[in-house]
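Asks: Fold the following and give me the result.
(one chain, ligands or ions: 2)
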Amino acid sequence: MSRIVTAIPLTRAAFAPFGDVIDTDCDTHYPINQGKCERYHDLAKVEAAGENARVLVSIFKGTPYPFPLKLEMVERHPFGSQAFMPLSPAPFLVVVCHDTPNGPGEPHAFITAPGQGVNYKRNLWHAVLTPIGEPQDFLVVDRGGDENNLEEHYFSEPWQIRLPA
Ligand SMILES: NC(=O)N[C@@H](O)C(=O)O
Ligand code: NI
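Replies: Numbering: from 1, shown residues only. Ligands and ions are numbered 1, 2, ... in the order given. Below is the predicted model of the structure:
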């Protein structure tokens with residue numbers, strides 16, 4: 001079986017089983033501040049569970065990866081969601097897997113549009129933050145708390161993730 005996956009453009013519909021797309025292409029927006037600001041409202045479901053759970057807001061300064069990407073590992077966060085919102089208008093790679101009785105299944109790869117972010121559902125298998133071509137900073141919203149919130153899975157054989165032509 002080929003272990004090559006080519007990324008497709010990120011859309012709300014395609015990503016819905018995995019989490020939320022964070023962008024302004026939505027109908028949940030309305031003016032605030034006497035019309036001087038437009039609020040794009042409630043774009044992602046933030047989950048934070050466990051003892052002393054709280055929501056964290058952080059900045060990740062990501063280093064780009066070479067492509068095609070050699071995907072050896074995916075991870076998940078059993079106690080919370082994780083959102084990545086780029087602070088610069090460049091695409092990045094999103095790779096997610098459904099869980100199976102034998103661990104993560106085949107990777108699904110998406111390339112974001114410039115300015116699009118994602119929110120991974122709680123306990124979703126995903127590749128680590130993967131900028132493309134240049135360093136990129138992200139605002140990250142995820143969970144803090146007492147329990148260990150990181151589980152890693154190393155594939156028996158790596159996958160190759162390609163960018164669209
Ligand atoms: N470990 C960490 O904070 N980052 C990862 O969860 C990631 O998804 O990049
Ligand atoms: Ni993560």
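Asks: What does the residue of the chain most remote from its centre show for phi and psi?
Replies: In the chain, the residue that sits farthest from the middle, by Cα atoms, centre = their mean, is Q34; the gap is 33.6 Å. Dihedral pair for Q34: phi 60, psi 30, per degrees, to the nearest 10.
Asks: So for it, what's the pLDDT?
Replies: Note on Q34: pLDDT of 98.
Asks: any idea how far ligand 1 is from it?
Replies: Going from Q34 to ligand 1 by Cβ to the nearest ligand atom, to the nearest Å gives 39 Å. To be clear about C-beta, it is placed using only N, CA and C from the backbone, and glycine gets the same treatment.
Asks: gap between the closest residue to D23 other than its chain neighbours and ligand 1?
Replies: Nearest residue to D23, sequence neighbours excluded (Cβ to Cβ, 6 or more residues apart in numbering): Q116, at 4.6 Å. Separation of Q116 from ligand 1 (Cβ to the nearest ligand atom) stands at 16 Å.
Asks: my guess is Q116 contacts V21, does it?
Replies: Yes: if you go by Cβ atoms under 8 Å, Q116 and V21 touch, sitting 6.2 Å apart.
Asks: tell me, what's touching the two both at once?
Replies: L10 (Cβ atoms under 8 Å, 6 or more residues apart in numbering).
Asks: Contacts only, for L163.
Replies: T6, A7, F67, P68, L93, I111, I132.
Asks: F79 contacts G145, correct?
Replies: Yes: with contacts counted by Cβ under 8 Å, F79 reaches G145, the gap being 5.9 Å.
Asks: Looking at the two, which is more packed in?
Replies: F79 (21 against 17; other Cβ atoms under 10 Å).
Asks: Relative to ligand 1, how far out is that one?
Replies: 12 Å.
Asks: Give me the sheet partners of the strand ranked longest in the chain and which way each runs.
Replies: Assignment by DSSP state E gives strand 151-162 as the longest strand of the chain. Here strand 151-162 is paired, per DSSP bridges, with strand 4-6 (parallel), strand 69-76 (antiparallel).
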